[in-house]
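A.B. asks: task: produce atomic coordinates for the following.
(chains A and B)
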2 protein chains.
Amino acid sequence: MRRAEILAIGSELLLGGRLDTNSLFLTDELAALGIEVRWKTVVGDDEADIAAAIRVAAQRADLVVMTGGLGPTGDDLTREAVARVTNRPLRRHADAVKGMTQRLAAWGRTPTAAQMKQAFIPSSAAVLANPVGSAPGFCLSWKGCQLIALPGVPAEAKAMFAKEATRFVAEPIQARARTRIERRVLHTFGILEAELDARLGPLVAPRRGVRFGLLASPLGVTVSLTACGGTSEIAALDQATHAVQQDLGGLVYAEGTTTMEEVVGRALTTRKMTIAVAESCTGGLIGHRLTQVPGSSTYLDRVLVCYSNEAKIELLDVPKVVLTRHGAVSPEVAAAMARGVRERSKTDVGLSVTGIAGPGGSTAQKPIGLVYVGFDAKGMGALAKEFRFHGPRDTIKLRASQAALNLLRQWLPVAQSK
Amino acid sequence: MRRAEILAIGSELLLGGRLDTNSLFLTDELAALGIEVRWKTVVGDDEADIAAAIRVAAQRADLVVMTGGLGPTGDDLTREAVARVTNRPLRRHADAVKGMTQRLAAWGRTPTAAQMKQAFIPSSAAVLANPVGSAPGFCLSWKGCQLIALPGVPAEAKAMFAKEATRFVAEPIQARARTRIERRVLHTFGILEAELDARLGPLVAPRRGVRFGLLASPLGVTVSLTACGGTSEIAALDQATHAVQQDLGGLVYAEGTTTMEEVVGRALTTRKMTIAVAESCTGGLIGHRLTQVPGSSTYLDRVLVCYSNEAKIELLDVPKVVLTRHGAVSPEVAAAMARGVRERSKTDVGLSVTGIAGPGGSTAQKPIGLVYVGFDAKGMGALAKEFRFHGPRDTIKLRASQAALNLLRQWLPVAQSK
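C.D. replies: Reported below is the predicted structural model:
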């Protein structure tokens, strides 16, 4: 298996609270080509530092993908550093000039002197056209290592890699290797990371070449299963994935890049059901998440964020006596909110959340993180479920929104069968 | 100035769509101590790879901060790699055993055999107690380079660095250097990155030692000004920051880590004004953002997400004739929504958004990204402003929410003066 290093170039990635995100898509693209990213390095806009990093990378990797430092300013030094390391002087490259001139002409402009600098490429390097911006990339071989330079702007790096770089990367490999890296991703909610670890370890361990990883977030724990290898390893990966799915059942709410809001959106669409939402402590987050899905207007009628008791009475018909007797954060109020928003909006389903996101508003009986989710559907009594979350305000909001959408996912089939 | 390398260890950072986020806080913490992060490296759970990366890092940096690979499993190999590189065999360290046993005892547990492995530390290294989890860290000097190993879990790495590591890092420096790295961050909305670049370049260029960077996102463009040096460089940084602030005026909506929702929250609190929001295409995102701020319940009365025309008529009193004549995405409807939600909720201010987030719902006259923000306050007529955004659905939602909150920020003083 070929080994790659990603070298991100730019001082802004060392200062200024920024991370190199290009490596995420590059890792995925390279994995699909059977190339394993073994190292990622970030270095600033310093020619000597860049040159040294290229030397280190070329020594240990078969492929070095550089991003950044190809622009027109004095800070852009990737070309110079590569030229210095490989001892291939920069030459004005006709293809680079042509591509750049054409692209700028399409925008009604001509290259400036600074931009013309971008057309100077190490001699013997192949030019990679930039389908999005003005800076060309390049690709060359040096001491048995392939060096590829892409722009730092993610949209440009992505487009150039997809259109230009893959042919340089893929060709020498396809003939050689039938090896690839594949990954399966399962999203769970309602089970702890430690418990997943204990349950899945024995299931995955016997499958040769399959590794699993867990990543906890406020939205749940994500299980990744990865295999590097050929047909037998990929078959083992599929078996392991199947075993995990069987073991976890309904705890898995989605796979791959699918989100919870897409899952409930599909469930509502399939059942031709409409929904209305009443939020309190989540403050609109459930509505925001539901409306991230294109076409959500066909099933989402309205979302009412009612912080005050008055709004709960006026807009959701929550009886005043229920609020007084049980308090706004109670299963009774959650159920009444779900029923009220459903009846007022004449939808099939009503969903509600009431809770204490903190840092204020808690009492001894009702601590920060106490959340009730309410659910109501035609023909069944309104239900409420209690949750207790930990963490800062934004985490509690996220977990509460996820709990509510997960409950919707679980109760929709029940509601329909009534 | 001392030069640092951050070495993040963990295969999950090379596969699985994850980035090393520890380097963000480490970079900030080290900058505050006058240490410049010059390199970041990511390497997988392979002992030879880790060892090689440590060698490279120790050669070029004065300080190497490692994160990850300190846990109890077979994948955790940082201790072994450091021991191998520095030729200091692992020894069971009494302080490490004690700290770990005490922490686990507080959770009502005793260390497992696997966890006991965590107490084996390279000989002559100092133990760094873990104030949050069970794995201790360590610190040692080797060939003039300081090596610090922290856990990979962000909460543990942060707490350990703050409580334990800084004393090892800071002591040898304070005597030596009066040099530090400082950064000022200004958040703008409503001006293009290229325009900012052209305006700010000439302002910042004459200030010696001050660099500026721009970062565009759907929420606007962030200007970072950075200086590395002593008193005169920091004075130049303050002058440059002042010049930029003067030049940009109201285009800057916040500084540092302050968010737009905090800015408008403070403006409402100071003026003792209350608000109600009517959202359409943003789907609850404005409510979600406003309620990210603790205490927002004192000024936010309600948020109504009204997708359908029926809901706009029923809940916001938008006249049916206005909807029919101008369509739901129009300045007239935006103004009527803002007025309706304010009058119904009896708040001081009403804010509304209506638009086309896409990918469906557009026409030749009303393209994707067309958004109207409405604003209404007591004693003034309802206003609406048009915006045209580009990008996918989630970007348009984000930009629309930011435009609405920014308009609120700009119009609040006007509203109060009426």
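A.B. asks: from now on I want contacts and neighbour counts done on CA atoms only, so please keep to that.
C.D. replies: Will do.
A.B. asks: residues of the stretch 301-418 of chain A that sit close to chain B?
C.D. replies: A:301-308, A:311, A:358-360, A:393-394 (CA under 8 Å from any CA of the partner chain).
A.B. asks: before we move on, what about the stretch 101-250 of chain A?
C.D. replies: A:183, A:213, A:224.
A.B. asks: inside helices: which ones of the residues you listed?
C.D. replies: Among those, none falls in helices (DSSP state H).
A.B. asks: in the stretch 251-400 of chain A, which spans are helices?
C.D. replies: Using DSSP state H, counting those that start in this stretch, the helices found in the stretch 251-400 of chain A span residues A:260-271, A:285-290, A:309-316, A:320-326, A:331-345, A:393-417.
A.B. asks: what about A:P89, neighbour count?
C.D. replies: Residue neighbour count, defined by other CA atoms under 10 Å in any protein chain shown, stands at 17 for A:P89.
A.B. asks: to clarify, my last question referred to A:T347.
C.D. replies: 20.
A.B. asks: how about it, what does it touch?
C.D. replies: A:273-276, A:301 (CA atoms under 8 Å, 6 or more residues apart in numbering or on different chains).
A.B. asks: which secondary structure element of chain A has the lowest mean pLDDT?
C.D. replies: None of the helices or strands of chain A scores lower by mean pLDDT, DSSP states H and E than helix A:166-174, at a mean of 65.
A.B. asks: burial count for the nearest residue to A:T257 once chain neighbours are set aside?
C.D. replies: Leaving aside its sequence neighbours, A:T257 sits nearest to A:V185 (CA to CA, 6 or more residues apart in numbering or on different chains; 8.0 Å). Residues contacting A:V185 under the criterion other CA under 10 Å number 20.
A.B. asks: my read: A:V185 touches A:L225, true?
C.D. replies: Yes. Counting by CA atoms under 8 Å, A:V185 does reach A:L225; the two are 6.4 Å apart.
A.B. asks: buried stuff in stretch A:273-281?
C.D. replies: Neighbour-count burial for stretch A:273-281 flags A:273-281 (criterion: 16 or more other CA atoms under 10 Å in any protein chain shown).
A.B. asks: reformat the helices of the stretch 251-400 of chain A as JSON lines; add mean neighbour count and mean pLDDT.
C.D. replies: Shown next, in JSON lines, are those (neighbours: other CA atoms under 10 Å in any protein chain shown; pLDDT from 0 to 100):
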{"stretch": "helix A:260-271", "mean neighbour count": "18", "mean pLDDT": "97"}
{"stretch": "helix A:285-290", "mean neighbour count": "26", "mean pLDDT": "98"}
{"stretch": "helix A:309-316", "mean neighbour count": "19", "mean pLDDT": "93"}
{"stretch": "helix A:320-326", "mean neighbour count": "13", "mean pLDDT": "96"}
{"stretch": "helix A:331-345", "mean neighbour count": "26", "mean pLDDT": "97"}
{"stretch": "helix A:393-417", "mean neighbour count": "20", "mean pLDDT": "93"}
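A.B. asks: need the ones you listed in JSON lines with distance to B:Y253, can you?
C.D. replies: Shown next, in JSON lines, are the helices of the stretch 251-400 of chain A (distance: least, CA to CA, whole Å):
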{"stretch": "helix A:260-271", "distance to B:Y253": "32"}
{"stretch": "helix A:285-290", "distance to B:Y253": "24"}
{"stretch": "helix A:309-316", "distance to B:Y253": "31"}
{"stretch": "helix A:320-326", "distance to B:Y253": "39"}
{"stretch": "helix A:331-345", "distance to B:Y253": "36"}
{"stretch": "helix A:393-417", "distance to B:Y253": "22"}
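A.B. asks: nearest to A:K117 among the residues of the stretch 301-418 of chain A next to chain B?
C.D. replies: A:D394 (46.5 Å; CA to CA).
A.B. asks: which ones are touching the closest one?
C.D. replies: Here A:D394 is in contact with A:357, B:292 (CA under 8 Å, 6+ apart).
A.B. asks: any figure for the gap between it and B:P294?
C.D. replies: 10 Å (CA to CA, to the nearest Å).
A.B. asks: can you check A:V43 too?
C.D. replies: 38 Å.
A.B. asks: counting neighbours, go ahead and name the busier of the two.
C.D. replies: When A:V43 is set against B:P294 and neighbours are counted by other CA under 10 Å, the residue ahead is A:V43, at 25 against 16.
A.B. asks: phi first, then psi, for the more buried one.
C.D. replies: A:V43 adopts backbone torsions of phi -140, psi 150, taken as degrees, to the nearest 10.
A.B. asks: just A:L215 next, same as before
C.D. replies: Dihedral angles (degrees, to the nearest 10) for A:L215: phi -140, psi 110.
A.B. asks: hmm, A:D197 and it touching each other?
C.D. replies: No. A:L215 is beyond contact range of A:D197, at 10.7 Å (criterion: CA under 8 Å).
A.B. asks: show me chain A divided up by domain.
C.D. replies: According to automatic domain parsing, chain A comprises the domains A:2-174, A:180-255, A:260-417.
A.B. asks: closest to B:R55 out of those domains?
C.D. replies: domain A:2-174 (11.1 Å).
A.B. asks: show me which of the residues of the stretch 301-418 of chain A next to chain B is closest to A:T67.
C.D. replies: A:D394 (33.4 Å).
A.B. asks: okay, now the closest residue to A:G44 other than its chain neighbours: neighbour count?
C.D. replies: Nearest residue to A:G44 in three dimensions, chain neighbours excluded: A:S11, at 3.9 Å (CA to CA, 6+ apart). By other CA under 10 Å, 20 other residues sit near A:S11.
A.B. asks: and the closest residue to A:T73 other than its chain neighbours, how many neighbours?
C.D. replies: Among residues not flanking A:T73 along the chain, A:A114 sits closest, at 6.8 Å (CA to CA, 6+ apart). Per other CA under 10 Å, the neighbour tally for A:A114 reads 12.
A.B. asks: now the nearest residue to A:D348 once chain neighbours are set aside: how far from A:V305?
C.D. replies: Using CA to CA, 6+ apart and skipping the chain neighbours, the partner closest in space to A:D348 is A:T274 (5.2 Å). According to CA to CA, A:T274 and A:V305 sit 18 Å apart.
A.B. asks: need the buried residues of stretch A:273-281 in TSV (columns: distance to B:L370 and pLDDT).
C.D. replies: Formatted as TSV, the buried residues of stretch A:273-281 follow (distance: CA to CA, whole Å; pLDDT from 0 to 100):
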residue	distance to B:L370	pLDDT
A:M273	29	96
A:T274	27	96
A:I275	26	97
A:A276	26	97
A:V277	26	98
A:A278	28	98
A:E279	27	97
A:S280	30	95
A:C281	30	95
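A.B. asks: cheers, nothing more for now.
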